[in-house]
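Asker: what would the 3D arrangement of this be:
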Amino acid sequence: MLKQISIVFSLLLVVGFSETFFDFRHAVKAQSDQNDPTRITNSNSTVLTSTASSQGLEMVVIPIEDLVISKSSQGLVELSASLRNNHTFDIHDIKIMGEFFDKEGNSLGKIDEYVTQPSHMLKPNEKYSFSTLEVISHYKLGSTNVTGSAIPNN
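Answerer: Residues are numbered from 1 along each chain as shown. The predicted structure follows:
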């Protein structure tokens, strides 16, 4: 198990240093095309749904608290934060979406990932903390835009 973890971290280190040879921004942009029909935006231009919208499920925005962006030992972006259910109903399938920018405002990459297991319910006013490692070089990072969303429990 330790050997497998060492291999994964070694690969992440190689990816972090390989940016001088391959620009990952173009690969990420190609994967997150804004014309994707499974993505919609609300009045605040925040991407709210992906697979959930194609299944007819409505998602709600939830606030992100205590957001900390730090540098991992591999030089990548480590994101940790808390999400609070500020609604009067239970929510599940909690995900974060966002984009990372360099100091000139150019996109370094986007995230759209679940931070909880599908069966995890967050009660009203309950808080859920998480952390995630993103394959984006920390030394290039200038700013971020991260939001949270979830599916209401019927």
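
Asker: wait, what's in contact with residue 105?
Answerer: Counting by C-beta atoms under 8 Å, 6 or more residues apart in numbering, residue 105 touches 142, 143. Bear in mind the C-beta positions are built from the backbone N, C-alpha and C, glycine included.

Asker: which helix or which strand is home to it?
Answerer: If you go by DSSP states H and E, residue 105 is not part of any helix or strand.

Asker: backbone dihedrals for it, please?
Answerer: phi 90, psi 10 (degrees, to the nearest 10).

Asker: next one, pLDDT for it please.
Answerer: You'll see residue 105 listed with a pLDDT of 92.

Asker: can you map out the strands along this protein?
Answerer: With DSSP state E, the ranges of strands along the chain come out as 40-41, 47-49, 60-62, 64-71, 76-84, 91-101, 107-114, 127-137, 143-152.

Asker: list the pairing partners of the last one within its sheet, with orientation.
Answerer: Think strand 143-152. Using DSSP bridges, strand 143-152 pairs in its sheet with strand 60-62 (antiparallel), strand 91-101 (antiparallel).

Asker: circling back: how about the strands of the chain in CSV, adding distance to residue 120?
Answerer: Listed next are the strands of the chain as CSV, based on distance: least, C-beta to C-beta, whole Å:
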stretch, distance to residue 120
strand 40-41, 24
strand 47-49, 19
strand 60-62, 13
strand 64-71, 17
strand 76-84, 11
strand 91-101, 6
strand 107-114, 10
strand 127-137, 8
strand 143-152, 10
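
Asker: mind putting the strands paired with strand 143-152 into a markdown table with mean pLDDT, mean neighbour count and distance to residue 125?
Answerer: As requested, those are exported to a markdown table (pLDDT from 0 to 100; neighbours: other C-beta atoms under 10 Å; distance: least, C-beta to C-beta, whole Å):
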| stretch | mean pLDDT | mean neighbour count | distance to residue 125 |
| --- | --- | --- | --- |
| strand 60-62 | 92 | 17 | 11 |
| strand 91-101 | 93 | 21 | 11 |
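
Asker: next one: phi and psi at the residue nearest to residue 88 when sequence neighbours are not counted?
Answerer: Excluding its sequence neighbours, the residue lying closest to residue 88 (C-beta to C-beta, 6 or more residues apart in numbering) is residue 124, at 5.5 Å. Dihedral pair for residue 124: phi -60, psi 130, per degrees, to the nearest 10.

Asker: thank you, goodbye.
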